[in-house]
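# Have a look; sequence and predicted model below, questions after that.
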Amino acid sequence: MTNVLVLVDHVEGELQNTTRELITAGRIFGQVGAVVVGKPGTAEGLKSELAAAGAETIYAAESDEADSLLITPSVDALSGLAAHLQVPVLVSASATGNEVAGRVSARVGSGAVYGITEIDAERNAKKPVFGGEYIVDSGAAGVAPVFTWQAGSIDPEPQDAAGEIQAVELPGAGPTAVKITSFAPAEAGDRPDLAEAKIVVSGGRGVGGSEGFTDVVEPLADALGAAVGASRAAVDADYYPGKFQVGQTGVTVSPNLYIALGISGAIQHKAGMQTSKTIVAVNKDDEASIFEIADFGIVGDLFNVAPQATEEIKNR
Ligand SMILES: Cc1cc2nc3c(=O)[nH]c(=O)nc-3n(C[C@H](O)[C@H](O)[C@H](O)COP(=O)(O)OP(=O)(O)OC[C@H]3O[C@@H](n4cnc5c(N)ncnc54)[C@H](O)[C@@H]3O)c2cc1C
């Protein structure tokens, strides 16, 4: 029996940590069914990890073209299962996950709530709004409400489960389906993925230029094994590439530790990092609004503070 469906995030068969979070959060409803969409054999490859994470059933929605049809196979698999089982659906609150959620909820005629950080057994969810200034209690009507889950909102708690695989048939691609004809993997580098990183070191306009990122922000990030982020002002000034922008129009992060270097703390920046567990800010303006949400604030020149921190961390 499945009491909640979770869409499995994987990259070419490599399980993403968000799935462990979704399974942990979904357990509040009872038994978790994990939906794997991918090429034939993907579910078998993920079976032991998903069972260890707590998936009772693994729905294998597999086809040779599953990876080349954008999100359509995920929507087909989830909406078919959700309509049949009539249970809530949990998906990551990524750009892809949010789009899947919207389409599934439209197909099954149930509501959707985006970017939640908590949910209870009665399907009441909490979600931060206005940059985390307020927490809204939200519900979604219908037999199979869809919720997108903000990464980093729960610590995964593995719990052995059966992980029994059940095949799910995917409809073939219709004539209007968009097909991906080739993939060119982005250069990932050695740092952790920004959205999933446990520690993020971000630089703002105060970093002063791309060399400030190379000489100050990146060394601190590397000493901590952290991802690097940037404010929009830093991105707009070409200090750092746009894919690293944190905030309302960038990536939303919720790491254990967020270090803001030379960032003023505009509401649009806070929107993407305010739920971080511990926030450390370095700013030479003691009235910068980033200090309102910082757990530790250092009023000082980041070019003095950050390199000292880097050296101290390296010496430990
Ligand atoms: C629709 C919309 C969407 C937006 N989306 C985003 C978004 O997703 N992400 C985002 O970040 N912004 C976003 N913005 C922009 C946002 O409003 C701010 O303009 C931006 O966040 C400011 O970036 P900043 O803090 O780096 O720059 P500034 O506000 O210029 O702050 C720089 C800070 O650095 C400090 N500083 C300078 N030199 C030093 C030094 N040597 N040592 C220590 N501190 C120093 C200064 O005191 C200052 O506080 C958005 C805006 C709009 C209108």
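Great, that's in hand. Since we're looking at a predicted model, the values are computed, not measured.

# distance of Gly80 from Asp120?
Gly80 sits 27 Å away from Asp120, going by Cβ to Cβ, to the nearest Å. Every C-beta, even on glycine, is put in place using the N, C-alpha and C of the backbone.

# With neighbour numbers in mind, choose between the two.
Gly80 (20 against 11; other Cβ atoms under 10 Å).

# Please give the element, helix or strand, for the more buried one.
Using DSSP states H and E, Gly80 falls within helix 72-85.

# Pull the residues that contact the helix or strand just after that helix.
Using DSSP H and E, the helix or strand that follows helix 72-85 in sequence is strand 89-92. Outside strand 89-92, the residues within contact range by Cβ atoms under 8 Å, 6 or more residues apart in numbering are 4-7, 9, 16, 18-19, 22, 25-26, 78, 82, 97-98, 100-101, 104, 119, 144-149, 151.

# quick one: strands adjacent to strand 89-92?
strand 4-7 (parallel), strand 146-149 (parallel) (DSSP bridges).

# could I get those strands as TSV with mean neighbour count and distance to Gly163?
Converted to TSV, these look like this (neighbours: other Cβ atoms under 10 Å; distance: least, Cβ to Cβ, whole Å):
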stretch	mean neighbour count	distance to Gly163
strand 4-7	28	13
strand 146-149	28	21
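
# Switch those strands over to JSON lines; also include distance to the ligand and mean pLDDT.
What follows is those, written out as JSON lines (distance: least, Cβ to the nearest ligand atom, whole Å; pLDDT from 0 to 100):
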{"stretch": "strand 4-7", "distance to the ligand": "25", "mean pLDDT": "98"}
{"stretch": "strand 146-149", "distance to the ligand": "18", "mean pLDDT": "97"}
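
# I'd like these laid out as CSV, including distance to Val87.
Converted to CSV, the strands paired with strand 89-92 look like this (distance: least, Cβ to Cβ, whole Å):
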stretch, distance to Val87
strand 4-7, 5
strand 146-149, 11
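
# Dig out what the closest residue in space to Gly41 that isn't next to it in sequence forms beta bridges with.
Distance criterion Cβ to Cβ, 6 or more residues apart in numbering; nearest residue to Gly41, sequence neighbours excluded, is Glu62 at 7.3 Å. Beta-bridge pairing for Glu62 (DSSP bridges): Gly38.

# So what's the residue count around Glu62?
So Glu62, with other Cβ under 10 Å, has 22 neighbours.

# now swap in Gly208 and tell me
Neighbours around Gly208, by other Cβ under 10 Å: 17.

# From Tyr240, how far off is it?
12 Å.

# Same question for Val143.
Distance from Val143 to Tyr240, by Cβ to Cβ: 45 Å.

# Repeat that for Asp9.
Taking Cβ to Cβ, one finds Asp9 at 26 Å from Tyr240.

# of these two, who's got more company?
Neighbour count, other Cβ under 10 Å: between Asp9 and Tyr240, Tyr240 has more, with 25 against 21.

# and Ala151, how far is that from Val35?
18 Å.

# One more: Ala55?
According to Cβ to Cβ, Ala55 and Val35 sit 10 Å apart.

# Next, show the common contact partners of these two.
With Cβ under 8 Å, 6+ apart as the test, Ala55 and Val35 both reach Val6.

# the more surrounded of these two?
Ala55 (33 against 25).

# Kindly state the beta-bridge partners for the more buried one.
Val32.

# is it true that it touches Leu7?
No - in this structure, Ala55 is not within contact of Leu7 by Cβ atoms under 8 Å, at 11.7 Å.

# Can you list the low-confidence ranges for the stretch 1-150 of the chain?
131 (pLDDT under 70).

# is any part of stretch 183-198 close to the ligand?
No - residues of stretch 183-198 are not located near the ligand by Cβ under 6 Å from any ligand atom, the shortest gap being 12.6 Å.

# Ends of that stretch, what's the gap?
28 Å (Cα to Cα, to the nearest Å).

# And stretch 290-298, by the same measure?
Across stretch 290-298, the terminal residues are separated by 11 Å (Cα to Cα).

# pLDDT wise, what is Phe183 at?
pLDDT, Phe183: 79.
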